Structures are given as C-alpha cells and as structure tokens.
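Q: generate a structure from the sequence data that follows.
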Amino acid sequence: MENTPATGMAPEQFVRGYMEVDYRSRYAGVLHLHPTPSEAIAELCLFRFWLACRAYAHSGATPAPTPPLCLPPGWTPPQQASGLDIDRALDTWHGHLLESRFDLYDRFFQLGRNHDDPLGLDAVALALSCQLFVQPSALTRAWLHDEVHTLFSALLDAFATAPGAPQPRGGGA
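A: Okay, here's the model as predicted:
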C-alpha cells in the first residue's frame, strides 16, 4: 500500500496518513480514463474513507460491525483530496455526499456477501467501479477489485497492531 503510515499508531493518526495518498499518481490508470478526473479523485477519497471506517468496524473496534456504519470517535471526514475541494468537485454538500456514499457502499457490502466473498468486498469494488464509470472496462473493474481487497487487508492489519487494538471477536461480520 503506497504512502501507508507506520502501523502501531493510533487509528485516527493512521487514517489521516492513509487519506493523504497521492491520488493522481496512485490512480493514474483510472484517472486518465475518467472524463472528469477531479470528480474521480473526490469519489476515490470518499470511498477510501468509507473503507477505512468499515475496516475499523470489522476489526472489532466498534460494537456493530454491520451497517449502518457510523464514524469512529475522533475521525474527521475528508474535505479535500490532492488539493481538490470534494464538495466543489462533486457539486454538492459534503454531509449529503458522505451519507449517500456510506449508504451505497454499506448496501453493497451487506448484500454482496456470499460463499466466495464473505465480506462483500467484490460487490463493493463493483459499486466503486460503477460510481466512477457508466460502463467500466473489465480491466478497470479488475484493478479496482484488487485495490479494494489490498487496501482492506492492509487496513485490518494496521488496526490490529494499533495501540489498544481491540481483540478480534468470534464469527464474521
């Protein structure tokens, strides 16, 4: 995971560093295909924030790891990504954007679970692909699928090694 802060730090600090990724570099392959790269950067930023909140909940840090997902204490939603104002890039109010995207990804996360994908991450990756593109190519879908799985795994690892990390609960969520 590029620009990943060191594990072993408090979750809020880790997430701040995780959100400061260079979107233009990390997602260059996606951005050059998108008609409005600033919109894609804003969407990717909101998605990464949702994914961090979801991984934190899944790590056992919150009492209810299933939707509806709430912001962990002390976490602040991103207002900018790569110098872009998210509200302006997506032409709507930030609170609405956050609620809308959390609802979208939570639904796919919950409803997309199956034997082959017990966490619903494949469905979430598809939702992200379709949020970015009307008809995402197979290559774009595959790249975003791998990115979602890689980020989620890295986030879980980071939250597991954070000071005062919760002990894993039994069962899946």
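
Q: for the longest helix belonging to the chain, give me every contacting residue.
A: The single longest helix within the chain, with elements called by DSSP state H, is helix 138-160. Here helix 138-160 makes contact (C-beta atoms under 8 Å, 6 or more residues apart in numbering) with 1, 4-5, 7, 11, 14, 18, 29-30, 33, 48, 51-52, 54-56, 58-59, 61, 119, 121-122, 124-126, 128-129, 132-133, 136, 165, 168. (C-beta placed from N, C-alpha, C; glycine too.)

Q: list buried residues within those.
A: Taking 16 or more other C-beta atoms under 10 Å as the criterion, what is buried in the contacts of helix 138-160 is 11, 14, 18, 30, 48, 51-52, 54-56, 58-59, 61, 119, 121-122, 124-126, 128-129, 132-133, 136, 165.

Q: I'd like the average pLDDT over the longest helix of the chain.
A: In this model, helix 138-160 has a mean pLDDT of 94.

Q: next one: stretch 73-86
A: Mean predicted lDDT for stretch 73-86 stands at 87.

Q: what segments of the chain are helices?
A: Using DSSP H, helices in the chain cover 11-19, 23-26, 28-31, 37-56, 86-90, 94-111, 121-132, 138-160.

Q: helices or strands up against the first one?
A: It refers to helix 11-19. helix 37-56, helix 138-160 (3 or more C-beta pairs under 8 Å, 6 or more residues apart in numbering; DSSP states H and E).

Q: can you list those helices in TSV and add distance to Gln79?
A: Below are those laid out as TSV (distance: least, C-beta to C-beta, whole Å):
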stretch	distance to Gln79
helix 37-56	10
helix 138-160	21
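
Q: need the winner for burial among those.
A: Neighbour counts (mean count of other C-beta atoms under 10 Å) averaged over each of the helices and strands packed on helix 11-19 peak at helix 37-56, with a mean of 23.
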